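>>> From the sequence below, what's the structure:
(one chain, ligands or ions: 2)
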Amino acid sequence: MGGDLDFSRRGVIGAGMAGVAVTGIGLADGAEAQRPAGGQTTATMSVSLTVNGQARTLDIDPRTSLLDALREHLKLTGSKKGCDHGQCGACTVLVEGRRINSCLSLAVMHDGDEVTTIEGLGRPGALHPMQAAFVKHDAFQCGYCTPGQICSAVGMLEEIKAGVPSHIATDLNRKPGATVDEMRERMSGNLCRCGAYSNIVEAMVEVAGTRA
Ligand code: FES
Ligand code: FES
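Ligands and ions are numbered 1, 2, ... in the order given. Below you'll find the model as predicted:
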């Protein structure tokens, strides 16, 4: 991200955390102020993302979460809003190949980043192996948590491949591996109110090609 944007973001985050309306803050080059009729000034900022392989530029309120940018501005509604507080994982997407809770991250923090949502992982007729495994193993019921579960599972297996440590591997004093216990631990931020966990594990086991 560019320096101008970093400077502006810090100002915005500070203002947002204090619960102050974004008025009168320093704006980066390219940012503009909008004054709705009879209303308060609303600052917008330009953010450029590559979303599912497509370059997208948005002029948005800098307080917009990445989740809202995807769902409300880009109409990519596959990523779900469960809690909006980082507690359920329904909003999980991949940013630069790493899984994040998109409800906890401001879109402007990702200027220049590559974002992959469930819509970009695969498509009908050419599903990502994790999507296909979820279908095969009935790894969902209502499906609300499923996009987040799938994006998280894809990111999780990449973390294991890259040797990113986990609590369970550290506790057992061993290298990260795609065991059932470790996959469960690493997926503990993705909740499923329908309780499809055992089927989700079956799907992940198939893609990982391992058994505990
Ligand atoms: Fe983001 Fe629940 S909606 S963690
Ligand atoms: Fe319903 Fe997970 S399938 S919440």
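>>> For the protein, which segments count as strands?
Under the criterion DSSP state E, strands of the chain are mapped to 32-34, 42-51, 54-60, 92-95, 98-101, 114-116.
>>> Out of these, which is the most enclosed?
Highest mean neighbour count of the strands of the chain: strand 92-95, a mean of 25 (counted as mean count of other C-beta atoms under 10 Å). For glycine as for every other residue, the C-beta is placed from the backbone atoms N, C-alpha and C.
>>> so what's the residue nearest the centre of the chain up against?
The chain has residue 93 as the residue nearest its centroid, 2.9 Å off, counting by C-alpha atoms, centre = their mean. Residues near residue 93 by C-beta atoms under 8 Å, 6 or more residues apart in numbering: 66-67, 70, 79, 99-100, 102, 115-118, 151.
>>> closest to residue 51 among those?
residue 115 (4.9 Å; C-beta to C-beta).
>>> thought the closest one was touching residue 70?
Yes. The criterion here is C-beta atoms under 8 Å, and residue 115 meets it with residue 70 at 7.3 Å.
>>> joint contacts of those two?
Counting by C-beta under 8 Å, 6+ apart, the residues touching both residue 115 and residue 70 are 51, 93.
>>> you'd agree residue 122 is up against residue 133?
No. With contact defined as C-beta under 8 Å, residue 122 does not reach residue 133; the gap is 11.2 Å.
>>> Compare the two and say which one has the larger neighbour count.
residue 133 (22 against 15; other C-beta atoms under 10 Å).
>>> what pairs with the residue nearest to the centre of the chain across the strands?
residue 100 (DSSP bridges).
>>> That one and ligand 2, how far apart?
Using C-beta to the nearest ligand atom, to the nearest Å, residue 93 is found at 17 Å from ligand 2.
>>> Need the pLDDT of that residue.
In this model, residue 93 is scored at 98, pLDDT.
>>> Residues of this structure that sit close to ligand 2?
Applying C-beta under 6 Å from any ligand atom, one finds that the chain approaches ligand 2 through 140-146, 192-194, 196.
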